[in-house]
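1. Provided below for reference: sequence and predicted model.
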Amino acid sequence: MKAVVIRLFRLFFGLFLYAAGIVLTMQAHIGYAPWEVFHAGLAKVLGLQIGTVSILVGLVIGIAVMLFGEPLGFGTVCNMVVVGLFMNILLGSGLFAELSNPVLGVVQLIAGLFVISLASYFYISSGFGAGPRDSLMVLLSRKTKFFVGTCRGAMEVSVTLVGFLMGGLLGWGTLLSAVLIGFCIQITFKVLHFDPKKVVHEDFVSSYRKLGLFMQAQNINKKV
């Protein structure tokens, strides 16, 4: 059961870092992140809020990667919900002020990308299932045999261009993020000797059963 606790810590710590990384890139104030450009553009086309579009895109990607054999797990669902909650908390806390200096903005943007890369390591390695976008990155790497960083970079550039064509806001920081995120992930994974393709993820049912057994064991220990 100790292993379950460690895995849960890795999952939620990773999701918290992911939210922190996104907030850092947002508060750098030099352009929307690539996926947010896509979400904003699609929101204009569909007449929906960006948050709603983000959830819908996550669901579509999740179903797509599942059809290609990538498991959807407890971590996948948490990624869709918990990251947004952590972002709201961090933005509301005022810990990360919006920068007005473009040079400092670049430094903070790059720092945020490395935080996102480290976050991906933690929550993917938990084995509870990667987030829908990271699952797509791993799937593309598995199918094409390209490095995960290369696949992530290609994804970011693609969604940025499509989002811009749909009317999403584009800044030079957006292009910087799209180009650098793949390198940041590749460097981080290499330093940590981590290959996400080797992680065996549990499906949602298996995780639910294990978490249920863990909670039962905790209740028994309390009674004893």
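-> Here it is on my side, so go on. Since this is a predicted model, take the numbers as computed values, not measurements.

2. so I110 sits against L180, correct?
-> Yes: between I110 and L180 a contact is recorded at 6.6 Å, counting by Cβ atoms under 8 Å. Using the backbone N, CA and C atoms, a C-beta is placed for each residue, glycine as well.

3. can I get stretch 47-62 in CSV, CA atoms only?
-> C-alpha atoms of stretch 47-62 as CSV (Å, rounded to 0.1, in the frame of the first residue of the first chain):
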residue,chain,number,x,y,z
GLY,A,47,-19.1,30.3,-29.5
LEU,A,48,-18.0,28.6,-26.2
GLN,A,49,-15.8,29.5,-23.3
ILE,A,50,-12.1,28.6,-23.4
GLY,A,51,-12.4,26.4,-20.3
THR,A,52,-15.3,24.4,-21.9
VAL,A,53,-13.3,24.0,-25.1
SER,A,54,-10.3,22.8,-23.2
ILE,A,55,-12.3,20.1,-21.5
LEU,A,56,-13.9,19.0,-24.8
VAL,A,57,-10.6,18.9,-26.6
GLY,A,58,-9.1,16.8,-23.8
LEU,A,59,-12.1,14.4,-24.1
VAL,A,60,-11.7,14.1,-27.9
ILE,A,61,-7.9,13.5,-27.7
GLY,A,62,-8.4,11.0,-24.8
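
4. who's in contact with that stretch?
-> 35-36, 38-40, 42-43, 46, 72, 76, 79-80, 84, 131-133, 135-136 (Cβ atoms under 8 Å, 6 or more residues apart in numbering).

5. can you flag the buried ones in these?
-> 35-36, 38-40, 42-43, 72, 76, 79-80, 131-133, 135-136 (16 or more other Cβ atoms under 10 Å).

6. now do the buried residues in stretch 48-60.
-> Neighbour counts using 16+ other Cβ under 10 Å place 50, 53-55, 57-58 of stretch 48-60 among the buried residues.

7. what is the nearest of the residues you listed to I22?
-> Within the buried residues of stretch 48-60, the smallest distance to I22 is 11.1 Å, found for S54 (Cβ to Cβ).

8. what sits against the residue nearest to L169 when sequence neighbours are not counted?
-> Nearest non-adjacent residue to L169, counting by Cβ to Cβ, 6 or more residues apart in numbering: Y32, 5.2 Å away. Residues counted as contacts of Y32 (Cβ under 8 Å, 6+ apart) are 26, 40, 168-171, 173-174.

9. turn the residues you listed into TSV, columns for distance to R7.
-> What follows is those, written out as TSV (distance: Cβ to Cβ, whole Å):
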residue	distance to R7
M26	29
A40	34
G168	36
L169	38
L170	38
G171	37
G173	34
T174	34
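
10. ranking those by neighbours, who comes first?
-> Among the contacts of Y32, G168 has the most neighbours (other Cβ atoms under 10 Å), with 26 neighbours.

11. can you classify it as helix, strand or coil?
-> On the three-state scheme (DSSP: H, G, I helix; E, B strand; the rest coil), G168 is labelled coil.

12. what is the neighbour count of the closest residue to it other than its chain neighbours?
-> In space, and not counting its chain neighbours, G168 is closest to G41: 3.2 Å by Cβ to Cβ, 6+ apart. Residues near G41, counting by other Cβ under 10 Å, number 24.

13. show me where pLDDT drops low in this structure?
-> Within the chain, the segments meeting pLDDT under 70 span 1, 213-215, 217-224.

14. would you map the helices across it?
-> Along the chain, the segments classed as helices by DSSP state H run 2-27, 34-46, 50-67, 74-93, 102-125, 132-144, 148-165, 172-191, 204-223.
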